[in-house]
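Student: next come a sequence and a model predicted from it.
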Amino acid sequence: MHVGYYVSNIAETIDFYTRFFETEPVKVKKGYAKFILTEPSLNISFIESEQPVQPHFIHFGIEVDDPRQLRQKLGNALSQNLSIDEEKEVQCCYAKQDKFWVQDPDGYRWEVYHFKEDVEENDPKYSKEGQCCAPEVQSESEAVCCQ
């Protein structure tokens, strides 16, 4: 899978994603950086732009196979001093999950989660329209939406 999107400051973005992905970019040019991950398989590039970041952007997610992998990724993010929002036994998008969230310098949110089982109801804080699969936000500019 390949993802590419605009960012406001390429240096801050490279710093954040080097810590979050725990690897260096494979290519850095003026206003551009690319990371290639093997686990999960992802080719992601960032293009610096003076255009504003979209305020209603959908989040990205990384699903892990088991709770041990989730704890490892959480520990890695904490050791990199990334700000974490952690949720356990949450029911959102009609699934029970443990997860944590990080936010990059432009406000793009990433969830790293372990799917446990399908459920018939969402937790009350996710029952409002458009509130699925995102932690409670601090401002209107942060996106909330379903995966």
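Tutor: Yep, that arrived.
Student: so Gly75, which state does it fall into?
Tutor: At Gly75 the chain is in helix, as set by DSSP: H, G, I helix; E, B strand; the rest coil.
Student: so what pairs up with the residue nearest the centre of the chain in the strands?
Tutor: Nearest residue to the geometric centre of the chain (CA atoms, centre = their mean): Trp110, 0.6 Å. Counting by DSSP bridges, Trp110 is bridged to Phe60, Val102.
Student: which residues does it contact?
Tutor: Listed by CB atoms under 8 Å, 6 or more residues apart in numbering, the contact partners of Trp110 are Phe20, His59, Phe60, Gly61, Ile62, Trp101, Val102, Gln103, Asp104. C-beta: built from backbone N, CA, C; applies to glycine.
Student: cool, and Pro67?
Tutor: Asp98, His114.
Student: picking that back up, turn the contacts of Trp110 into JSON lines, columns for neighbour count and distance to Ile14.
Tutor: Formatted as JSON lines, those follow (neighbours: other CB atoms under 10 Å; distance: CB to CB, whole Å):
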{"residue": "Phe20", "neighbour count": "19", "distance to Ile14": "11"}
{"residue": "His59", "neighbour count": "19", "distance to Ile14": "20"}
{"residue": "Phe60", "neighbour count": "17", "distance to Ile14": "17"}
{"residue": "Gly61", "neighbour count": "17", "distance to Ile14": "22"}
{"residue": "Ile62", "neighbour count": "18", "distance to Ile14": "19"}
{"residue": "Trp101", "neighbour count": "21", "distance to Ile14": "21"}
{"residue": "Val102", "neighbour count": "21", "distance to Ile14": "15"}
{"residue": "Gln103", "neighbour count": "18", "distance to Ile14": "16"}
{"residue": "Asp104", "neighbour count": "19", "distance to Ile14": "11"}
